[in-house]
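Chemist: this one's sequence-less:
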């Protein structure tokens with residue numbers, strides 16, 4: 001009933017009633033007329049014999065059956081949806097927990113890092129907070145699953161003959177060994193060296209030395225060397 005319009009009874013034409021009702025036709029009735037049953041309902045026409053198939057009864061269909069059929073049709077309509085899914089279906093899925101990361105390190109005797117080829121036994125320099133330089137020898141190299149390269153080092157202790165300007169390997173001795181790896185990005189390459197160079201010379205495991213003095217090895221002092229130029233006979237041999 002629209003707001004502001006007074007209802008009127010279709011039977012007694014009154015506009016005052018404690019309760020308003022509607023009949024089957026949709027006419028507005030007052031409470032007294034509805035209770036007295038002044039509104040005569042229109043009887044529906046009896047069904048023909050063809051519709052009832054000669055049966056004197058009229059079968060009434062259950063509303064529950066209709067509602068259940070409706071639900072079945074709705075479910076079938078939902079299942080008959082196309083298989084193509086939009087991107088919203090991704091957010092409706094149950095989230096999967098990522099597996100826990102397991103640290104897997106691969107050890108190696110050589111590593112290529114920032115244009116430098118590191119090997120076991122190489123000498124590296126490390127700097128502290130006060131810009132003091134310390135030298136160490138690489139004892140092992142490893143790489144983790146994130147491609148971060150690290151090295152396990154052995155510190156080299158200087159002696160009284162060690163120069164302050166540059167690194168002289170013949171004046172350093174082996175120091176304490178570390179078990180925790182350090183990242184290569186905090187190290188600076190100095191020179192290549194065999195891993196057994198700093199062993200004691202009088203130990204039962206002697207250090208392997210070349211047959212003669214050759215350039216490019218750590219056991220030759222770093223710096224300029226005077227080497228005689230080979231003669232023509234030594235180069236080409238005697239004719």
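Modeler: Yep, that arrived. All values reported here derive from a predicted model rather than from experimental measurement.
Chemist: residue ranges for the helices of the protein, please.
Modeler: Secondary structure of the chain by DSSP state H: the helices cover 31-36, 49-52, 63-79, 88-92, 232-236.
Chemist: domains for this protein, by residue range?
Modeler: 7-37, 103-225 (automatic domain parsing).
Chemist: Mean neighbour count and distance to residue 88 added to those domains, as JSON lines?
Modeler: Yep, even glycine has a C-beta here, placed from its N, CA and C like the rest. Formatted as JSON lines, the domains of the chain follow (neighbours: other CB atoms under 10 Å; distance: least, CB to CB, whole Å):
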{"stretch": "domain 7-37", "mean neighbour count": "14", "distance to residue 88": "44"}
{"stretch": "domain 103-225", "mean neighbour count": "13", "distance to residue 88": "34"}
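Chemist: which stretch in those has the least confidence?
Modeler: Lowest mean pLDDT within the domains of the chain: domain 103-225, at a mean of 78.
Chemist: Looking at the domains of the chain, which is nearest to residue 72?
Modeler: Shortest distance between residue 72 and the domains of the chain, using CB to CB, is found for domain 7-37: 30.6 Å.
Chemist: end to end, how far does the closest one reach?
Modeler: Domain 7-37 has its terminal residues 19 Å apart, counting by CA to CA, to the nearest Å.
Chemist: coming back round to it: which stretch among the domains of the chain comes nearest residue 96?
Modeler: Across the domains of the chain, closest to residue 96 is domain 103-225 (CB to CB), at 20.4 Å.
Chemist: related to what we said a few turns ago, lowest-confidence stretch among the helices of the chain?
Modeler: Taking the mean pLDDT of the helices of the chain, helix 49-52 comes last: a mean of 54.
Chemist: nearest to residue 92, of the domains of the chain?
Modeler: With CB to CB as the yardstick, what comes closest out of the domains of the chain is domain 103-225 (32.5 Å).
Chemist: now the strands: where do they sit in this protein?
Modeler: With DSSP state E, the ranges of strands along the chain come out as 20-22, 28-30, 106-108, 110-113, 116-119, 123-127, 133-143, 149-158, 172-177, 182-183, 188-191.
Chemist: Among those, which comes closest to residue 166?
Modeler: That would be, of those and by CB to CB, strand 188-191, which comes in at 9.4 Å.
Chemist: need the strands of the chain in JSON lines with distance to residue 6, can you?
Modeler: What follows is the strands of the chain, written out as JSON lines (distance: least, CB to CB, whole Å):
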{"stretch": "strand 20-22", "distance to residue 6": "10"}
{"stretch": "strand 28-30", "distance to residue 6": "10"}
{"stretch": "strand 106-108", "distance to residue 6": "92"}
{"stretch": "strand 110-113", "distance to residue 6": "94"}
{"stretch": "strand 116-119", "distance to residue 6": "99"}
{"stretch": "strand 123-127", "distance to residue 6": "98"}
{"stretch": "strand 133-143", "distance to residue 6": "91"}
{"stretch": "strand 149-158", "distance to residue 6": "92"}
{"stretch": "strand 172-177", "distance to residue 6": "104"}
{"stretch": "strand 182-183", "distance to residue 6": "90"}
{"stretch": "strand 188-191", "distance to residue 6": "99"}
